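Chemist: quick one, what's the 3D model for this:
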Amino acid sequence: MLEHFFQCPYCWEEISVLLDPSVSDQRYIEDCEVCCNPIEVHASFEDGELVSFEAGSIEQ
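Modeler: Predicted structure coming up:
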């Protein structure tokens, strides 16, 4: 597992997620551990290396 830090698109606090580099394309919803708002996470890996990461707010 790979720990990746990013800024919450709602409260701007730095938070982290655990990513599995054995899955080349990941897209899921993760709640912010500070403000509890839902964040859409998209991560892409090539040869076990993180090549793309996006974390965005979910329009409510």
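Chemist: all contacts plus neighbour counts: C-alpha atoms, from now on.
Modeler: Noted.
Chemist: what's the neighbour count on G56?
Modeler: 15 (other C-alpha atoms under 10 Å).
Chemist: what packs against the helix or strand it falls within?
Modeler: If you go by DSSP states H and E, G56 is part of strand 49-57. Applying 3 or more C-alpha pairs under 8 Å, 6 or more residues apart in numbering; DSSP states H and E, we find strand 49-57 packed against strand 38-46.
Chemist: for the strand it packs on, packing partners?
Modeler: So strand 38-46, by 3+ C-alpha pairs under 8 Å, 6+ apart, packs with strand 25-31, strand 49-57.
Chemist: just how off-centre is the longest one within its chain?
Modeler: Here the centre of mass of C-alpha atoms in strand 49-57, compared against the chain's by C-alpha atoms, centre = their mean, to the nearest Å, lies 6 Å away.
Chemist: in its sheet, which strands sit next to it, and in what direction?
Modeler: strand 38-46 (antiparallel) (DSSP bridges).
Chemist: in the sheet, which residues pair with the residue nearest in space to the middle of the chain? Tell me.
Modeler: Residue closest to the average C-alpha location in the chain (C-alpha atoms, centre = their mean): V41, at 3.9 Å. Here V41 sits in beta bridges with Y28, A55, as judged by DSSP bridges.
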